[in-house]
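Student: Here is my input; please provide its structure:
(chains A and B)
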Amino acid sequence: MNTIIRLLAEGEAEHDITQTPSRFWPERYEIIFGAFASLLIFGLLVKFAGPLIKKGMAGRTAKIQAELDAGEAARADAETEAAQIRTAKGDIATERTRILAEADAQAAAILEDGRSRVSAEVADIDIAAAAGRVGDELRAEIASLSSAAVDHVVTGSLDAATHQELIESFITRVGASA
Amino acid sequence: MSDGRSDPRIEGYARGLFEIARAEGTLDEVEDELFRFARSYESSDTLSAALTDEQIPAAKRQAIVEDLLGGKATGTTTQLVSMVVGAGRGRDLPAIIDKLVARASAAKNLEVAEVRTAVALTADQQARLGAALANATGKQLNLKVVVDPSVLGGVVATVGDTVIDGSVRTRIDQLKSRL
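Tutor: Presented below is the predicted three-dimensional model:
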């Protein structure tokens, strides 16, 4: 301590205390005190703050690790779930294929049934139409033959006496209608 | 009978023929002959085609008329038909004649009664039929009898819009429609 005081005193005695000896360097004693103070503070920091910092870093590391573990677990869960979904999707596709196949089979059966019924009905209609056609043709043929027969019979039976009888009958009827 | 077309040219020809026949003093006879000729024209496709064919010269068509009617009808009738055919109005001949007959009947306050039969009527039958029709319609009639084989038998009488049908043809048609 005495040395320090002495150095200070010497320094004051050697030069003007309002002027620094170098443009860049501070006073020597300031360097010595600064160095001591810095070492002291560093030592105190190492001694007292070091364990706290180490503890905080360890806690932070543990927390990050826990988060990483949780993330990994979540990823594993998600993958498991995705696998389950994929499996379920596969099952749905299979089920859908099965249902579609079943529906196709039912539709084909209904279609076949409908075709059978339509064919049967068409056959019935064809039979009815054919019967109707045959009936119509037969009626037309009978009518045609009957007409020809009527013409033949009537014109063949119209002799002079019949003509006169028809005319006389007409005159009588018209005369009576007045 | 032809339809009731009122073509001014047909009216004009009918009036002209009527005046000529009346001036000649043969209206009744000419009217009757023209009426029969018109019915023959209507029932014969060959005759109507020959008299309306534009490819046949008018003189030849008139010669056909004169061949047909010459000696069978009065000169006035033959000349009147020949004139109409020569003028290229052969297609309108039935309509012109029907107008003329209607005009002639109207001049005598009579209405035309067309009677179609399959066989010719005797004078007595015509008289009795005319009287019966006049009695039935309440009109004085100018009876025009046409022998039409398509009637087959019986009589069809037409007075104006009234048709009294007692023909065998119609009865057969009715029977056929029922069949």
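
Student: distance of the residue nearest the centre of chain B from chain A?
Tutor: Centroid check for chain B by Cα atoms, centre = their mean gives residue B:35 as the closest residue, at 2.8 Å. From residue B:35 over to chain A the distance is 20 Å, taken as Cβ to the nearest Cβ, to the nearest Å. Where C-beta positions appear, they are placed from N, C-alpha and C, glycine not excepted.

Student: so what's that residue up against?
Tutor: For residue B:35, the contacting residues are B:97-98, B:101, B:144, B:146, by Cβ atoms under 8 Å, 6 or more residues apart in numbering or on different chains.

Student: check which helix or strand covers it.
Tutor: If you go by DSSP states H and E, residue B:35 is part of helix B:27-43.

Student: State the mean pLDDT of that helix.
Tutor: In this model, helix B:27-43 has a mean pLDDT of 89.

Student: Can you name the next helix or strand after it?
Tutor: Counting by DSSP H and E, what follows helix B:27-43 is helix B:45-52.

Student: what does that next one contact?
Tutor: B:40-42, B:56, B:61, B:64-65, B:68, B:85, B:90-91, B:93.

Student: Output those in JSON lines; the columns should cover secondary structure, distance to residue B:49 and neighbour count.
Tutor: Converted to JSON lines, the contacts of helix B:45-52 look like this (DSSP: H, G, I helix; E, B strand; the rest coil; distance: Cβ to Cβ, whole Å; neighbours: other Cβ atoms under 10 Å in any protein chain shown):
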{"residue": "B:40", "secondary structure": "helix", "distance to residue B:49": "13", "neighbour count": "15"}
{"residue": "B:41", "secondary structure": "helix", "distance to residue B:49": "10", "neighbour count": "22"}
{"residue": "B:42", "secondary structure": "helix", "distance to residue B:49": "12", "neighbour count": "16"}
{"residue": "B:56", "secondary structure": "coil", "distance to residue B:49": "9", "neighbour count": "16"}
{"residue": "B:61", "secondary structure": "helix", "distance to residue B:49": "11", "neighbour count": "20"}
{"residue": "B:64", "secondary structure": "helix", "distance to residue B:49": "11", "neighbour count": "16"}
{"residue": "B:65", "secondary structure": "helix", "distance to residue B:49": "14", "neighbour count": "26"}
{"residue": "B:68", "secondary structure": "helix", "distance to residue B:49": "14", "neighbour count": "18"}
{"residue": "B:85", "secondary structure": "helix", "distance to residue B:49": "13", "neighbour count": "24"}
{"residue": "B:90", "secondary structure": "helix", "distance to residue B:49": "10", "neighbour count": "26"}
{"residue": "B:91", "secondary structure": "helix", "distance to residue B:49": "10", "neighbour count": "14"}
{"residue": "B:93", "secondary structure": "helix", "distance to residue B:49": "13", "neighbour count": "25"}
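
Student: Quick check: of those, which lies closest to chain A?
Tutor: The closest of these to chain A turns out to be residue B:40 (Cβ to the nearest Cβ; 20.7 Å).
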